[in-house]
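[1] Could you work out the structure for the sequence below:
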Amino acid sequence: MEVLEESEKEEISVEDEAVDKNTFKNCSKIAFYRRQKQQLSKKSTYQALLDSVTTGKDSTRFQITNEATKVPLLAEVFGIEGNIFRLKINEETPLKPRYEVPDVITSKPSTVRLISCSGDTGSLILADEKDLKFHITANPFKVDLVSKEEVVMSINALGQLYFEHLQIPPKQRATREKENALIDTSQKNQEDLGLWEEEFGKFVDVKVNGPASIGLDFSLHGFEHLYGIPQHAESHQLKNTGDEDAYRLYNLDVYGYEIHNKMGIYGSVPYLLAHKLGMTLGIFWLNSSETLVEINTEPAVKMGPVDAKQKNRSRTDVHWMSESGIIDVFLLTGPTPFDVFKQYASLTGTQAMPSLFSLGYHQCRWNYEDEQDVQAVDAGFDKHDIPYDAMWLDIEHTEGKRYFTWDKKRFPNPKRMQEQLRGKKRKLVVISDPHIKIDPDYSVYTTAKEQGYFVRNFEGGDFEGVCWPGLSSYLDFTNPKVREWYSGLFALSVYQGSTDILYIWNDMNEPSVFRGPEQTMQKNAIHHGNWEHRELHNIYGFYHQKATAEGLIQRSKGKERPFVLTRSFFAGSQKYGAVWTGDNKAKWSYLKISIPMLLTLSVTGISFCGADVGGFVGDPDVELLVRWYQAGAYQPFFRGHATIKSKRREPWLFGKEHTRLIREAIRERYTLLPYWYCLFYCAHVTAEPIIRPLWVEFPDELETFGVEDEYMLGSALLVHPVTEPKATVVDVFLPGSNEVWYDSKTFASWEGACTVKIPVALDTIPVFQRGGSVVPIKTTIGKSTGWMADSPYGLRVALSTKGSAVGELYLDDGHSFQYLQKQQFLHRKFCFCSGVLSNSCADERGHYTSKCVVEQIFVLGLKKQPSSVTTHSSDGKDQPVDFTYCAGTFTLSLENLSLNVGTDWEVHIK
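    Here you go, the predicted structure:
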């Protein structure tokens, strides 16, 4: 305790977070990894006892035994609606229950009956009503997933099924001789394998339950391209893992993390996708303990014609290992990328529908000093005609890092400050971390202590660790009672100085514990239900965000959408808000890596994601800052942020010309808001990612599978951010042999399936509209989204090679749940075909009145100058329209229209 007492007196600073990378483990330092590697080299095999098969209402069960231990495991196979299989493997009679992850699967999955058609002796085939079969071989135990008579995935083909049975601790055993024969009991070896204790640096992890790790391998036949398992500062396509170089899923606070590294950072989604021509699959490994994933691709071997069918398929092996829990894995069988997205969302939920303001630009730093500073920065945006929607306050706004309080000197009148922001139709976002300062005069602390709401240490007292406030205890968000109480702290009557325009940012929720093992909590800390921290470490931040989002919803009596940004996350965090990539650096390489990092989050369900514009750590040069604003404007979550020691970098501090460039980038974001909002609605309703790697939109084009320097925004826009200093030209790959692409600024067009050299001055961000699409925009921009509700729309109609185009618009009040509870929304469809552009209803259920009109229409790729253009409204009136046609770019412009966005009408071009 001496260390901790000292820490109360000393000042905690950024240096406490910015620790040496040797603070963190590599694979060789992880005992369960070493054990599995050592044990699997001995090749002991499992077999399925198919005479033990029983079929219940929802599942088929059978036993699996290991020839050496003879202890039975129970396997359970479920068919789930929407072409999903679930395989669970647990001990048949564990000494005590093993942890199964709750609260991530949104509701009990609807099962489908699997028909058992016995194979030959020694095998069992379970089939659904479609073309999918689950083929179980008894000895050695193996499962083949068969789709349309083709084996697409095999489980345990490499014999890496691994299951450490819970044991009675050595001290409690009558004799040491009964030690499991598999394990060498020499003292040295026991220590090395970390069975009952594991050392790392000065820390000793005491394991009361002993070793409990699990593992299983999956072979993907014909697949060479895998994606997913965020969060890593790594390429979008997963790489082969060498020795001791597995992808690690273990949520950690890594300040200024290294790039091109497979170490775990802030969040974990134990879910990957595999894609090949004609098929996409997903593997969702539902486990919240520390997890390692090894990947090995064997490329196709070219054989002679005789063996052509047999041998030339490539294969990728994926080996999952987790420290504890059970094997609970969902196999998503696609077959298309969008099918897999829907399947995963049916299990974990879709992206929450955000408030419109949160799609605008957010201004943050650690820290805005006081109310005058906030006022001056807010005024600076207006003075320089730059729109923004939310001002952010970091930890210094509180009284000594006590969350839910305000520093009385710096922020004496927080309500007045918020009312000034409200007058500008802007919001305030403040930080709320999970560590609570140990202080008998701080009511949040005393209540939590009295109620037993903190995580406990393994001796039974409250866990105490150091974070920003000094000595702190950590709320146990895995306990529903704690979440309910914490949610209540956001009520306007409880959170003094707050108003209903205040929203929340959850940081440090890995959880971050300064000077703890790997800057986090000891694994033997105790949570609700007596579970050890090691069982659920990766889901701690998920629960923190869930409690916060529910608090904001309750604050408005269920009427208003919340906004919560979280740093730590798990599978399903998309239901509760937004995620960012944490403490990146102000370097070009971090701008570049943000694209694959965000694409990986997007394909694993977390659509509302972004990276700190400008880089959090350090000072960007002005060219990097401009390029980062241009990139950020085309990423879902758009926030500028900087650390406490960095120079001020508000957009107008770098001279007139650079102010203009940043203004233009931010204004481009606001121009495109109708398109963004529609994409968020589609993500919310149909689980389609907002930003998409090219392979998702062009799944049959091999050359897209590895592209990560450009991406699709929805299905209509291709974005290629400039990520190199002093770039004057970039190579943009335009996919699709029957596609046509239009430069969104110049309207110049290119045929697809080629790479074009695009000149890029500092004011250029290469964005291309895909032929066949209609993109809705706003023609005038306000100080924030709130000023733009009634401003007019424009339509950018880009014709396909066939001369047609489709697009949509989604509209509601932008902030409440009325779209859901009372169907108060408009969903419109735009269609251009045979010279007629029509606006019709895309969803009859929705009703919402809008004053907005479409005042401007551009048609790109119109090869012939029209002789007349007329509008035809639903009341039968025809109106001739003035138009201009540019023969050089084949563009038709219609201006000064007044077509109501919510009614049916047509524009005839003859």
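[2] C-alpha only now, for contacts and for neighbours.
    Will do.
[3] Chain neighbours aside, what residue packs nearest to the residue nearest to the spatial centre of the chain?
    The centre of the chain sits closest to residue 606, judged by Cα atoms, centre = their mean, with a distance of 2.8 Å. The spatially closest residue to residue 606, leaving aside those adjacent along the chain, is residue 574, at 5.0 Å (Cα to Cα, 6 or more residues apart in numbering).
[4] my guess is the one you found meets residue 354, correct?
    No: counting by Cα atoms under 8 Å, residue 574 does not reach residue 354; the two are 10.7 Å apart.
[5] okay, the two: which has more neighbours?
    Using other Cα atoms under 10 Å, the more surrounded residue of residue 574 and residue 354 is residue 574, with 28 against 23.
[6] pLDDT at the more buried one, what is it?
    If you check residue 574, the pLDDT there is 98.
[7] so where is the protein shaky, pLDDT-wise?
    Applying pLDDT under 70 to the chain flags residues 1-10, 119, 173-191, 302-311.
[8] Sketch out the strands for the stretch 701-850 of the chain, chain order is fine.
    Counting by DSSP state E, counting those that start in this stretch, the stretch 701-850 of the chain has strands at residues 711-713, 717-719, 729-734, 740-743, 749-751, 754-759, 767-770, 773-778, 793-798, 805-811, 826-833, 836-841.
[9] In TSV: these, plus mean neighbour count and distance to residue 487.
    What follows is these, written out as TSV (neighbours: other Cα atoms under 10 Å; distance: least, Cα to Cα, whole Å):
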stretch	mean neighbour count	distance to residue 487
strand 711-713	25	34
strand 717-719	24	39
strand 729-734	18	47
strand 740-743	24	47
strand 749-751	19	52
strand 754-759	14	50
strand 767-770	26	42
strand 773-778	25	37
strand 793-798	24	39
strand 805-811	22	30
strand 826-833	21	32
strand 836-841	19	39
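[10] Let me have these in CSV, extended by distance to residue 364.
    CSV is the format used below for those (distance: least, Cα to Cα, whole Å):
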stretch, distance to residue 364
strand 711-713, 25
strand 717-719, 25
strand 729-734, 31
strand 740-743, 32
strand 749-751, 38
strand 754-759, 32
strand 767-770, 27
strand 773-778, 26
strand 793-798, 30
strand 805-811, 28
strand 826-833, 33
strand 836-841, 39
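[11] OK, contacts around the residue nearest to residue 627 when sequence neighbours are not counted?
    Nearest residue to residue 627, sequence neighbours excluded (Cα to Cα, 6+ apart): residue 722, at 6.4 Å. Applying Cα atoms under 8 Å, 6 or more residues apart in numbering to residue 722 gives the contacts 627, 631, 730, 765-766.
[12] Just the closest of these to residue 49, please.
    Nearest to residue 49, judged by Cα to Cα, of the contacts of residue 722 is residue 631 at 55.9 Å.
[13] ok, back up a step: ok, which pair from the contacts of residue 722 is furthest apart?
    The most widely separated members of the contacts of residue 722, counting by Cα to Cα, are 631 and 730 (14.3 Å).
[14] Residue 907 looks like it's in a helix, true?
    No: looking at residue 907 with DSSP: H, G, I helix; E, B strand; the rest coil, it is strand, so not inside a helix.
[15] Hmm, it is touching residue 877, no?
    No: using Cα under 8 Å, residue 907 is not in contact with residue 877, being 11.7 Å away.
[16] what about the two, which has more around it?
    Each of residue 907 and residue 877 has its neighbours counted (other Cα under 10 Å); residue 907 has more, 22 against 10.
[17] Which strand or helix spans residue 876?
    Assigned by DSSP states H and E, residue 876 belongs to neither a helix nor a strand.
[18] burial of it, as a residue count?
    Neighbour tally, residue 876, other Cα under 10 Å: 9.
[19] Tell me where the stretch 151-300 of the chain has strands.
    162-163, 197-200, 203-206, 214-221, 225-228, 247-249, 271-276, 279-285, 291-298.
[20] Point out the most buried one among the ones you listed.
    Most buried of the strands of the stretch 151-300 of the chain, by mean neighbour count (mean count of other Cα atoms under 10 Å): strand 247-249, with a mean of 27.
[21] contact partners of it?
    229-231, 241, 262-265, 267-270, 290-294, 538.
[22] Sheet partners, orientation included, of that strand?
    Here strand 247-249 has these sheet partners by DSSP bridges: strand 291-298 (antiparallel).
[23] Kindly export the partner strand (C-alpha atoms) in PDB.
    Provided in PDB are the C-alpha atoms of strand 291-298 (Å, rounded to 0.1, in the frame of the first residue of the first chain):
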ATOM      1  CA  THR A 291      -7.700 -14.300 -26.900                       C
ATOM      2  CA  LEU A 292      -5.000 -15.000 -29.500                       C
ATOM      3  CA  VAL A 293      -5.600 -15.700 -33.100                       C
ATOM      4  CA  GLU A 294      -3.100 -17.300 -35.400                       C
ATOM      5  CA  ILE A 295      -3.500 -17.300 -39.200                       C
ATOM      6  CA  ASN A 296      -1.700 -19.200 -41.800                       C
ATOM      7  CA  THR A 297      -2.600 -19.200 -45.500                       C
ATOM      8  CA  GLU A 298      -1.400 -21.900 -47.800                       C
END
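[24] All the helices of the stretch 301-450 of the chain, in order from the start?
    Here the stretch 301-450 of the chain has its helices, by DSSP state H, counting those that start in this stretch, at 308-311, 337-348, 371-383, 414-423, 443-451.
[25] quick one, which of the ones you listed is packed in tightest?
    helix 337-348 (a mean of 23).
[26] Check which helices and strands that helix is in contact with.
    Judged by 3 or more Cα pairs under 8 Å, 6 or more residues apart in numbering; DSSP states H and E, the packing partners of helix 337-348 are strand 279-285, strand 327-332.
[27] now what about the first one, what contacts it?
    What it means is strand 279-285. 270-275, 320, 327-337, 340.
[28] again, 6 Å this time
    270-274, 329-337 (Cα atoms under 6 Å, 6 or more residues apart in numbering).
[29] Ok, stretch 422-430 next?
    Counting by Cα under 6 Å, 6+ apart, 389-393, 501-505, 786 sit against stretch 422-430.
[30] same question, stretch 132-149
    Identification of contacts with stretch 132-149 by Cα under 6 Å, 6+ apart yields 46-48, 122-127, 131, 151-157.
[31] try 7 Å
    Stretch 132-149 is contacted by residues 45-50, 122-127, 131, 151-157 when judged by Cα atoms under 7 Å, 6 or more residues apart in numbering.
[32] What of stretch 806-813?
    Contacts of stretch 806-813 (Cα under 7 Å, 6+ apart): 674, 677-678, 772-776, 819, 824-832, 848.
[33] how about 8 Å then?
    With contacts defined as Cα under 8 Å, 6+ apart, stretch 806-813 is touched by 674-675, 677-678, 681, 772-776, 819, 824-832, 842, 848.
[34] Using CSV, write down the CA coordinates of that stretch.
    The C-alpha trace of stretch 806-813 is given here as CSV (Å, rounded to 0.1, in the frame of the first residue of the first chain):
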residue,chain,number,x,y,z
VAL,A,806,-31.1,5.2,-58.3
GLY,A,807,-30.7,6.6,-54.9
GLU,A,808,-32.6,7.4,-51.7
LEU,A,809,-33.2,9.9,-49.0
TYR,A,810,-34.1,9.3,-45.3
LEU,A,811,-35.4,12.1,-43.2
ASP,A,812,-36.8,12.4,-39.6
ASP,A,813,-36.5,14.9,-36.8
